[in-house]
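K.L.:
sequence plus predicted model, see below.
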Amino acid sequence: MKFNDELGLFLKARYPIIYITTIEENRVEYIIRKNIKANLNRSIYSWDFIDGYTNNPNNEGFAKKNPLQALELVERLNAETPALFLLKDFNRFLNDLSISRKLRNISRILKLQPKTIIIIGSDLNIPKELKDLITVVEFDLPSEQEINQELNRLVNSLNIKIDSQLFENLVKACQGLSMERIRRVLSKIIATYKTIDHNSINILLGEKKQIISQTEILEYTAVNEKIINLGGLGNLKEWLKKRRTAFSLQASNYGLPTPRGLLLVGLQGTGKSLTAKAIASEWQLPLLKLDVGKLFGGIVGESESRLREMINIAEAISPCILWIDEIDKAFSKTENIGDSGTSNRVLGTFVSWLSEKTKPVFVIATANNIEVLPLEIIRKGRFDEIFFLDLPEKYEREEIFKIHLQKFRPDNWKSFNYPKLAELSESFSGAEIRQTIIEGMYQAFYEKREVTTDDICLALKESIPLANLESEQMVELKNWATSGRIRLASSKNIYI
């Protein structure tokens, strides 16, 4: 139901107190006034802590810095006068005993008279004793249609012509920003470039990056990796290739639901994090990284609030990719004992969102040990697929060596003996292979000569891969993965 329809229904049904959560105070007030003028004959009284009541000459400045007095105006007005009271930032005072008691007292009047209190605040903060009286209404950020209208208005006023594809990209880039921010950024774009073109996209994305950085729990991650630069992982690459345009308008028109996400499981260094970055780069979507350590706050209820904040931001900025690194450390079955149920509540909210989300947020979660994850996360419906990233096969190790040496040694990368390097690097992960190349380069640099295959071979012989140190865990994980309960990321090609 649209905001206007929902608000109109509550007003006609004489809901006493409505709580609107939004950061767009001016926009929501404008829409409320427009709605009231068109559909309901009510006087509007607007109050804030500094100026008191405004926009009404009979009460101008009344109840300055006095929230309790602001509620007294509700009682003073004629019982037959239809009225709407907009109380800005009033949520800050709800925990005060006198305010809470006063609201409960006048709620009886509000139910009998055509009067409604609307509290406008950026945070949801309702004490227990008022929860039965207050109805919460969320005021969403500008919709695609509203952004479309605003861009059209600006383009027409400036007499600028832009192609349809650029216009569609601009609308997508504006999603997740408030209308005030959109107007401010567009003004900056016009002042900088004197027009609206493809450069405008980067400025809009920069504004999103700033918003995300203010949350503390989400990080806007810059990416330049390519899926083609991932060694091996044939099955995973094929799966991703088929979904590359899944967020496009054509896919939507075809009737395809947007993909939900992936759970990538494997030992450290097998390319899970690199895969998340490569997907974001290949699909040209913003990559938001969740800091699970900052998700769990020390104050009761703070963790759940931070999770809701994360979800709201990710959905507002969608389509995007939400990357949750090492999810097994956040939602371990053994870690949530003795934390007053916080982990269970956060887990419940998270898995419900995974199952029911409708916004195009593609979740990529990585885990080193799937056995400690609760069944609620790994059951079907949470993610589209669960892939196991095993240690690379011999042919994959050769491919990984080639990818890294092309970057480190672009002039002579073909001169290395790749079959020999692949043979000596059994049980090495992709990250460990990269590190042995660097070790070989340090040795050659110290001796003031060009690095050779022998330098890397020496580094391989002197290195102990993690799989050898944690062989028992590796065997258990591999047996679990090959039991048919999880999909293998690598195709079992025969090395030639």
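P.N.:
Now that the structure is in, tell me what you want to look at. Not measured: the values here are computed from a predicted model.

K.L.:
who are the contact partners of F362?
P.N.:
F362 makes contact with 247, 258-262, 279, 283, 285, 319-322 under the criterion C-beta atoms under 8 Å, 6 or more residues apart in numbering. (Each C-beta comes from the backbone N, C-alpha and C, glycine too.)

K.L.:
change it to 7 Å
P.N.:
Residues in contact with F362 (C-beta atoms under 7 Å, 6 or more residues apart in numbering) are 259, 261, 321.

K.L.:
where's the closest residue in space to W413 that isn't next to it in sequence relative to P286, distance?
P.N.:
Distances taken as C-beta to C-beta, 6 or more residues apart in numbering put L405 closest to W413, at 4.3 Å, once the chain neighbours are dropped. Distance, L405 to P286, using C-beta to C-beta, to the nearest Å: 31 Å.

K.L.:
ok, now V361?
P.N.:
Distance from V361 to P286, by C-beta to C-beta: 10 Å.

K.L.:
pull up the overlap in contacts between those two.
P.N.:
The contact lists of V361 and P286 share C320, where a contact means C-beta under 7 Å, 6+ apart.

K.L.:
report the contact partners of the residue nearest to the spatial centre of the chain.
P.N.:
Nearest to the centroid of the C-alpha atoms of the chain, with distances taken as C-alpha atoms, centre = their mean, sits A314, at 2.5 Å. For A314, the contacting residues are 288, 320, 322, 361, by C-beta under 7 Å, 6+ apart.

K.L.:
now I433
P.N.:
By C-beta under 7 Å, 6+ apart, the contact list for I433 reads 397, 400-401, 404, 425.

K.L.:
kindly recompute the last result at 8 Å.
P.N.:
392, 397, 400-401, 404, 425.

K.L.:
what are the boundaries of the helices in the stretch 351-496 of the chain?
P.N.:
375-378, 394-408, 418-424, 430-446, 453-462, 466-469, 471-480 (DSSP state H, counting those that start in this stretch).

K.L.:
ok, which of these comes nearest L274?
P.N.:
With C-beta to C-beta as the criterion, L274 lies closest to helix 430-446 of those, at 7.5 Å.

K.L.:
CA atoms only for that closest one - export them in PDB, please.
P.N.:
Taking C-alpha atoms only, helix 430-446 is exported to PDB below (Å, rounded to 0.1, in the frame of the first residue of the first chain):
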ATOM      1  CA  GLY A 430      45.400 -19.800  -4.700                       C
ATOM      2  CA  ALA A 431      46.500 -17.200  -2.100                       C
ATOM      3  CA  GLU A 432      49.500 -19.300  -1.000                       C
ATOM      4  CA  ILE A 433      50.500 -19.800  -4.700                       C
ATOM      5  CA  ARG A 434      50.600 -16.000  -5.100                       C
ATOM      6  CA  GLN A 435      52.700 -15.600  -2.000                       C
ATOM      7  CA  THR A 436      55.300 -18.100  -3.200                       C
ATOM      8  CA  ILE A 437      55.700 -16.100  -6.400                       C
ATOM      9  CA  ILE A 438      56.300 -13.000  -4.300                       C
ATOM     10  CA  GLU A 439      58.900 -14.900  -2.200                       C
ATOM     11  CA  GLY A 440      60.700 -16.000  -5.300                       C
ATOM     12  CA  MET A 441      60.700 -12.400  -6.600                       C
ATOM     13  CA  TYR A 442      62.200 -11.200  -3.300                       C
ATOM     14  CA  GLN A 443      65.000 -13.700  -3.600                       C
ATOM     15  CA  ALA A 444      65.800 -12.700  -7.200                       C
ATOM     16  CA  PHE A 445      65.600  -9.000  -6.400                       C
ATOM     17  CA  TYR A 446      68.000  -9.500  -3.500                       C
END
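
K.L.:
which parts of it are buried?
P.N.:
Residues of helix 430-446 classed as buried by neighbour count (16 or more other C-beta atoms under 10 Å): 430-437, 439-441, 443.

K.L.:
give me the angle between it and helix 394-408.
P.N.:
50 degrees (axes from the mean of the first three to the mean of the last three C-alpha atoms, to 10 degrees).

K.L.:
gap between helix 430-446 and the chain center?
P.N.:
Remark: helix 430-446 is offset 36 Å from the chain centroid, using C-alpha atoms, centre = their mean, to the nearest Å.
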